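> Predicted coordinates and the sequence they were generated for:
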Amino acid sequence: MGNRLTKIYTRTGDAGETGTADGKRLSKAARLMHAQGDVDELNSLIGLLACKIDDAGLKQLISRIQHDLFNLGGELSLSQPLITAEDVVYLEQQLDAYNAELPPLQEFILPGGGEVAAVCHVARAVCRRAERSLVYLHQEKSLSPELLAYINRLSDLLFVLARVLTRLDGESEVYWSKGGGDK
């Protein structure tokens with residue numbers, strides 16, 4: 001980080017604009033700002049998830065994801081590729097490894113399965129929103145295929161991790177029923 005913030009508030013955003021990494025001013029309602037905000041929200045929620053996980057291997061995976069998401073935000077800010085094909089492959093390897101431990105899906109799963117799994121499901125939903133924001137931004141500003149693939153794989157991984165966390169907590173998955181459960 002080139003310039004350290006010595007003062008958190010600057011008052012320069014009070015009129016609804018923010019500064020970009022290249023020094024330009026941009027509306028806080030711009031597609032780029034929505035995408036960056038959604039990625040930041042996702043990273044914050046994944047930070048909450050990390051606080052609730054005891055498993056060392058999962059904590060390490062979550063830490064890597066948080067660093068990758070910070071890089072993804074940097075890529076958006078700097079327009080320089082920071083998410084690589086290797087980052088996408090890493091997520092795919094994690095997906096394959098964790099999914100191999102799970103029973104095959106027979107039904108749709110409702111978000112739940114214990115508190116930690118439910119937080120992971122919320123993170124998955126926020127990840128999908130971030131992906132929609134990134135795709136929307138991609139219509140205006142070309143994003144790297146690796147960045148788009150990464151966010152797509154991440155939502156899949158979060159789904160699988162929610163299933164894993166359900167089992168680690170000794171909980172059961174909640175299956176969708178057309179009749180509405182107890183109806």
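Now that the structure is in, tell me what you want to look at. Numbering: from 1, shown residues only.
> CA only for contacts and neighbour counts going forward, please
Noted.
> what's the helix or strand for the closest residue to Glu173 other than its chain neighbours?
Among residues not flanking Glu173 along the chain, Gly113 sits closest, at 4.9 Å (Cα to Cα, 6 or more residues apart in numbering). Gly113 is part of no helix or strand when elements are defined by DSSP states H and E.
> Who are the contact partners of Gly113?
By Cα atoms under 8 Å, 6 or more residues apart in numbering, Gly113 lies in contact with 162-163, 166, 171-174.
> Can you list the residue ranges for helices in the chain?
For the chain, applying DSSP state H gives helices covering 31-52, 56-78, 85-100, 115-138, 145-168.
> of the ones you listed, which approaches Thr18 most closely?
Among the helices of the chain, the nearest to Thr18 by Cα to Cα is helix 31-52 (8.8 Å).
> And the closest one, what does it pack against?
Packing partners of helix 31-52 (3 or more Cα pairs under 8 Å, 6 or more residues apart in numbering; DSSP states H and E): helix 56-78, helix 115-138.
> How about the contacts made by Leu154?
Neighbours of Leu154 in contact, by Cα under 8 Å, 6+ apart: 91, 124, 127.
> and if we set it to 7 Å?
Taking Cα atoms under 7 Å, 6 or more residues apart in numbering, we find Leu154 in contact with Leu91.
> From Glu171, how far off is it?
Leu154 sits at a distance of 23 Å from Glu171 (criterion: Cα to Cα, to the nearest Å).
> Please apply the same query to Lys141.
Distance, Lys141 to Glu171, using Cα to Cα: 43 Å.
> just Glu86 next, same as before
Noted for Glu86: a distance of 34 Å to Glu171, by Cα to Cα.
> Kindly report the same for Val160.
On the measure of Cα to Cα, Val160 and Glu171 end up 15 Å apart.
> Comparing those two, which shows the higher neighbour count?
Val160 (24 against 15; other Cα atoms under 10 Å).
> I'd guessed that one sits against Ala97; true?
No: checked against Cα atoms under 7 Å, the pair Val160 and Ala97 is beyond contact range at 10.0 Å.
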